[in-house]
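**Student:** Sequence first, then the predicted structure, then my questions.
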Amino acid sequence: MNFKKFLSNLKFDSKDEKTKKSTVTNIVILGLIGILLIITADFFKNSSNNSITGSITENNVKNTKAENDGTKNEVKPSKDYETNMEEKLKQTLEQIDGVGKVQVMIYFGSGEEQVPATNENKTKSVTDEADNSGGKRTTTQDSDGSTIVTSKDGDKESPFILKEYKPQITGVCVVAEGADNSVIKLNIVNAVVDLFQLTEDKVNVYPMKK
């Protein structure tokens, strides 16, 4: 069939031509909109995947060897924690009959310790080699490693902490109004020993200046 001749024989009135041109234009516009929507959907999908990458799942988190491998992070005890502990001890001791006003100081032997979550990476490779004499040699190589799991908060990235150990209290000094009484002084010592699991030699109690 001669398509060129066939097309030349087709006759449309001006109204039909305008209608067909309008239809073709609409189809082209709809096609462009569809392509734009597909591109936009792919963009947001990729962005979502990027944000999910590196997220923490319970199955990936392993803490074996965390303490033995020296992955604890030691940080200085915060002043808020120190002040809070001293204030609580002060309020507790002042409730004991005969103690009166109290001033306390707590000694910390170490900073806070944080244990981050880690991912263990174990790989094993086996290599078979043949020599010219027909022999065969197999080489096996194992490698172990671990990486610290991190979490993101906006642009900030920080280790994901599994455990946190508060600083150890190594000594307490108490100055109290009623400490000149031996019975009250003993009560103060016993209270501090019980609260912080210290030995008596780690607790010093003195009468307050009058």
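**Tutor:** Looks like it came in fine.
**Student:** Spit out the contact partners of the residue nearest to Gly109 when sequence neighbours are not counted.
**Tutor:** Excluding the flanking residues, the one nearest Gly109 by Cβ to Cβ, 6 or more residues apart in numbering is Thr170, at 3.8 Å. All C-beta spots, glycine's among them, are computed from the backbone N, C-alpha and C. Thr170 makes contacts with 107-109, 198, 202, as judged by Cβ atoms under 8 Å, 6 or more residues apart in numbering.
**Student:** same question, Ile148
**Tutor:** With Cβ under 8 Å, 6+ apart, Ile148 has these contacts: 71, 116-118, 159-160.
**Student:** From those, keep the buried residues only.
**Tutor:** 71, 116-118, 159 (16 or more other Cβ atoms under 10 Å).
**Student:** Flag the least confident of these.
**Tutor:** Among the buried ones among the contacts of Ile148, Thr71 has the lowest pLDDT, at 50.
**Student:** quick one, domains of this structure?
**Tutor:** 3-52, 73-114+162-207 (automatic domain parsing).
**Student:** which secondary structure elements does the helix or strand in which Val115 is found contact?
**Tutor:** Assigned by DSSP states H and E, Val115 belongs to strand 112-116. The contact analysis (3 or more Cβ pairs under 8 Å, 6 or more residues apart in numbering; DSSP states H and E) places strand 112-116 against strand 73-75, strand 161-165.
**Student:** rank those strands by mean pLDDT and give me the bottom one.
**Tutor:** Among the helices and strands packed on strand 112-116, strand 73-75 carries the lowest mean pLDDT (a mean of 49).
**Student:** which stretches of this structure form strands?
**Tutor:** Using DSSP state E, the strands of the chain run over residues 73-75, 102-108, 112-116, 118-130, 136-148, 150-153, 156-159, 161-165, 169-176, 203-207.
**Student:** Counting neighbours, what do you get for Asn132?
**Tutor:** 5 (other Cβ atoms under 10 Å).
**Student:** no no, Ala191
**Tutor:** 19.
**Student:** pretty sure it is touching Gln91, no?
**Tutor:** No: the pair Ala191 / Gln91 is not scored as a contact, 12.0 Å apart, by Cβ atoms under 8 Å.
**Student:** Between those two, which contacts overlap?
**Tutor:** By Cβ under 8 Å, 6+ apart, no residue touches both Ala191 and Gln91.
**Student:** Once you drop chain neighbours, what's closest to Ile169?
**Tutor:** Phe196 is the one closest to Ile169 (Cβ to Cβ, 6+ apart), at 4.9 Å.
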